[in-house]
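Colleague: Show me the folded form of this:
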Amino acid sequence: MVTPKLYDPVSVLMLDFVGFTDMAASRDPVVTVSELNDIYSAFDRIGEQYGCERIKTIGDAYIAVSGLPEPMPDHAQAVANTAIRFVRYLERRNEGHSNQWLCRIGIATGSVVGSVVGIQKYVYDVFGPAVNLASRLQGCSEPMEITTHKLLRDSLKEEFLVEAAGTEDLKGFGEQQLFKIRDGRVDIMMAGYQ
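Modeller: All right, here's what the predicted structure looks like:
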């Protein structure tokens, strides 16, 4: 048995595809799964570039974390860059494909517990406030948007274009200020490195 370990702070990315249930029911399942595999493979490569590791997928939900198992001082920037690149990848991919994949992303920072779970099939998983908050924030996102909370916004505001998006009563977290992360400043930042 693997002893559960608390990681604090880390940042969590939660992505969900818009209309996936209808897509899966109305389209050729072989094509849908093949495209989902291609997209997840691209996401894995993008996450690896920024130090953000996929923990698991649940159907059309993709969960990744930065800051574990090794602490990472810029975990917030890692998930923000990863999220922006996910959206950018899908926008470019959609230009040349008939099947349009639109996502909603929530990113949060905080604590998680990581452990191997299961007896017959071992799976590494993470649980805790940051995972739950990222899930709630993803649910507040519009298609192709990245939503975050004040604590993560405070870590990102110097490097990213972050806009206030009102408040929302989030289950288990109460009234939260929401923020949208935009792609604007990343283009400026990346231009200096290319």
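Colleague: so where's this protein shaky on pLDDT?
Modeller: Scanning the chain for pLDDT under 70 picks out the ranges 1-2, 120-121, 184-194.
Colleague: Now do the helices in the chain.
Modeller: Ranges of helices within the chain are 20-26, 29-50, 75-95, 129-140, 150-156, 184-191, based on DSSP state H.
Colleague: Show me the longest strand that occurs in this structure.
Modeller: strand 103-117 (DSSP state E).
Colleague: which strands and helices sit next to that one?
Modeller: Judged by 3 or more CB pairs under 8 Å, 6 or more residues apart in numbering; DSSP states H and E, the packing partners of strand 103-117 are strand 5-17, helix 75-95, strand 123-127, helix 129-140, strand 145-149, helix 150-156. Where C-beta positions appear, they are placed from N, C-alpha and C, glycine not excepted.
Colleague: Buried residues in the last one, which are they?
Modeller: By neighbour count, and taking 16 or more other CB atoms under 10 Å as the criterion, the buried residues in helix 150-156 are 151-153, 155-156.
Colleague: re the thing from before, quick one: work out the angle between the longest strand of the chain and strand 5-17.
Modeller: In terms of direction (axes from the mean of the first three to the mean of the last three CA atoms, to 10 degrees), strand 103-117 departs from strand 5-17 by 140 degrees.
Colleague: Sheet partners, orientation included, of strand 103-117?
Modeller: strand 5-17 (antiparallel), strand 123-127 (antiparallel), strand 145-149 (parallel) (DSSP bridges).
Colleague: next one: it to chain centre, how far?
Modeller: 9 Å (CA atoms, centre = their mean, to the nearest Å).
Colleague: Likewise for stretch 34-48?
Modeller: With CA atoms, centre = their mean, you get 13 Å for stretch 34-48.
Colleague: what does that stretch contact?
Modeller: Stretch 34-48 is contacted from outside by 15, 53-54, 57, 60, 62, 64, 82, 85-86, 89-90, 93, 97, 99, 101, using CB atoms under 8 Å, 6 or more residues apart in numbering.
Colleague: and if we set it to 7 Å?
Modeller: Here stretch 34-48 makes contact (CB atoms under 7 Å, 6 or more residues apart in numbering) with 53-54, 57, 62, 64, 82, 85-86, 89, 99, 101.
Colleague: so how many other residues sit close to residue 56?
Modeller: 12 (other CB atoms under 10 Å).
Colleague: doesn't residue 63 make contact with it?
Modeller: Yes: contact criterion CB atoms under 7 Å: residue 56 and residue 63 qualify, at 5.5 Å.
Colleague: Pull the number of nearby residues for residue 135.
Modeller: Considering only other CB under 10 Å, residue 135 is surrounded by 19 other residues.
Colleague: Likewise for residue 27?
Modeller: So residue 27, with other CB under 10 Å, has 13 neighbours.
Colleague: Once you drop chain neighbours, what's closest to residue 9?
Modeller: residue 109 (5.4 Å; CB to CB, 6 or more residues apart in numbering).
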